[in-house]
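Enquirer: I would like the atomic coordinates for the input below:
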Amino acid sequence: MHQPDKIAYLMFIIFTGTAVFSTIALFTRQSLLVAYIVIGAIVGPWGLDWVNSSMASSQAGNIGIIFLLFLLGLHLQPQNLFHSLRKMSLITLSSSFIFFLIGLIPSYFYGYTLEESIVIGLATMFSSTIIGIKLLPTTILHHQHTGELLVSILLLQDIIAIASILVVQMIGGQSESIYQIHYVLLAFPALLLAAYLFQHYVLTKLIERFDKVHEYIFILSIGWCLLMAQLSHFFGLSEEIGAFIAGIALASNPIAFYIAEHLKPLRDFFLVIFFFAIGAGFNFDYLPSVLLPASFLALLVLILKPMVFKWLLYRSGEAKSVSWEIGVRLGQMSEFSLLLIYMAFDSGLASAKTTYMVEAAIILTFIASCYWTVLRYPTPLAAAEKLRRD
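Expert: From the prediction side, this is the model:
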């Protein structure tokens, strides 16, 4: 019997399955992001085992994050972003420390080792860039301000996440990480300079000359995004930060809106794969032993993160309604949390049971936070028609 092509079969399972479950989700007014996770869990290695190429789907999903950050940068003028970053720096640092304690202290008293508790605390610090941005409308004036604040917090959290990953490497005994920290501190301004110079002297001139060849602009923008992502990775930073800087560098160009609109379908293609990979990667054999602590940790995050963000943002001068909405939109754990806990497992700092406990907590916060946001606030995926906004 002829064996189907692995990539074609993988794409068939992912997108036919998500099409079916997305249809069910829309009829029942559920979140589409939850449908993507559920189908991954059902057909993944620990479900029906129709898909076992979790590595391929995970890597493809990471490309979705890169495009998401690139498109995000295209919508932000640099001067507005830097103003928001300055305003949000103290709030982000303060909230990150509080969330670290929220993860560390209960975990330690629950019986996890000090090293595992530290890792759990670090994983609790961050909110999901994907969920935060994917569910944020950009066509309403109020949400342009909300988006600037939310994006500033997420970007600063991503920088802290990189430092936290290096800390995990250091605790795991990788002494070269001390050198890497100094390298990263120098790499960030170098990446900004490289982006500015290339955009000013090369990219802008190419766009001005060939802006009427739409296919070329499409290819050029993808190449620019992935070039900066790889350059960022080479400098020791995350690929997502490089893609974000690539978007910011083009934000002031009149063609930025055209690029953003034409890349959205490509972004959504890979983000479907990302959420599918999250569901497919969970080992349900561990579920009975990790469900209780994971649920407790998820509940703490879902309750306390919105409250902490509301308090800090309100004290900084934001309106109560805006402060609470941002808190709700950031009231989950992060894809960086997944990366960090996987790295801790590889370094021997966390057992498999601890790793799946944190992963289960992350998935629970993803699902609950999506529902909370979709049912309560304007989003592109809102369950109620009056809340649905692009």
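Enquirer: can you pull out the helices in the stretch 151-300 of the chain?
Expert: 177-198, 204-210, 214-234, 239-250, 256-280, 287-315 (DSSP state H, counting those that start in this stretch).
Enquirer: find the nearest non-adjacent residue to Lys264, please.
Expert: Leu71 (6.8 Å; CB to CB, 6 or more residues apart in numbering). From N, CA and C alone the C-beta is placed, and that goes for glycine too.
Enquirer: against Leu292, how distant is the one you found?
Expert: Distance check for Leu71 against Leu292: by CB to CB, to the nearest Å, it reads 39 Å.
Enquirer: compare those two (neighbour count), which wins?
Expert: The neighbour comparison of Leu71 against Leu292 (other CB atoms under 10 Å) goes to Leu71, with 24 against 11.
Enquirer: what's the neighbour count on Leu197?
Expert: Under the criterion other CB under 10 Å, the count of neighbours that Leu197 has is 12.
Enquirer: His200 now?
Expert: Quick note: His200 (other CB under 10 Å) scores 11 neighbours.
Enquirer: can you name the residues that contact Tyr112?
Expert: 120, 354 (CB atoms under 8 Å, 6 or more residues apart in numbering).
Enquirer: local confidence estimate at it?
Expert: According to the prediction, Tyr112 has pLDDT 90.
Enquirer: just say helix, strand or coil for it.
Expert: Here Tyr112 is coil, with the state taken from DSSP: H, G, I helix; E, B strand; the rest coil.
Enquirer: for it, phi and psi?
Expert: Main-chain torsions, Tyr112, degrees, to the nearest 10: phi -80, psi 150.
Enquirer: how about Gly236?
Expert: phi 90, psi 10.
Enquirer: what about it, distance to Thr355?
Expert: Applying CB to CB, the value for Gly236 to Thr355 is 25 Å.
Enquirer: then Phe270?
Expert: Phe270 is 25 Å from Thr355, by CB to CB.
Enquirer: the bottom helix or strand of the chain by mean pLDDT?
Expert: Taking mean pLDDT, DSSP states H and E as the measure, the helices and strands of the chain show their lowest mean at helix 54-74, namely a mean of 69.
Enquirer: so the host helix or strand of Leu101 versus helix 239-250, what angle?
Expert: Leu101 is part of helix 78-110, with elements assigned from DSSP states H and E. Here helix 78-110 runs at an angle of 160 degrees relative to helix 239-250 (axes from the mean of the first three to the mean of the last three CA atoms, to 10 degrees).
Enquirer: tell me the buried residues in helix 78-110?
Expert: Buried positions in helix 78-110, judged by neighbour count with 16 or more other CB atoms under 10 Å: 81, 84-85, 87-88, 91-92, 95-96, 98-100, 102-104, 106-108.
Enquirer: the helix or strand just after that helix packs against which elements?
Expert: Tracing the chain C-terminally past helix 78-110 and defining elements by DSSP H and E, one meets helix 114-124 next. Judged by 3 or more CB pairs under 8 Å, 6 or more residues apart in numbering; DSSP states H and E, the packing partners of helix 114-124 are helix 78-110, helix 141-171, helix 287-315, helix 335-346, helix 352-376.
Enquirer: who are the contact partners of Thr92?
Expert: Contacts for Thr92 (CB under 8 Å, 6+ apart) come out as 152-153, 156-157, 160.
Enquirer: His262 now?
Expert: 214, 218.
Enquirer: relative to Asn253, which of the contacts of Thr92 is nearest.
Expert: Ser152 (21.7 Å; CB to CB).
Enquirer: run a quick neighbour tally on the closest one.
Expert: For Ser152, the number of neighbouring residues by other CB under 10 Å comes to 23.
Enquirer: tell me which of Gly236 and Thr355 has more neighbours.
Expert: Using other CB under 10 Å, the more surrounded residue of Gly236 and Thr355 is Thr355, with 22 against 19.
Enquirer: low-confidence ranges in the stretch 1-150 of the chain?
Expert: Filtered on pLDDT under 70, the stretch 1-150 of the chain yields the residue ranges 1-5, 29, 52-62, 75-85, 138-144.
Enquirer: which residues sit against stretch 42-50?
Expert: 13, 17, 41, 51-52, 54, 279-285.
Enquirer: also stretch 157-170?
Expert: By CB under 8 Å, 6+ apart, stretch 157-170 touches 92-93, 96, 119, 122, 125-127, 129, 177-178, 180-181, 184, 188, 237-238, 240-241, 334, 336, 339-340, 343-344, 347, 349.
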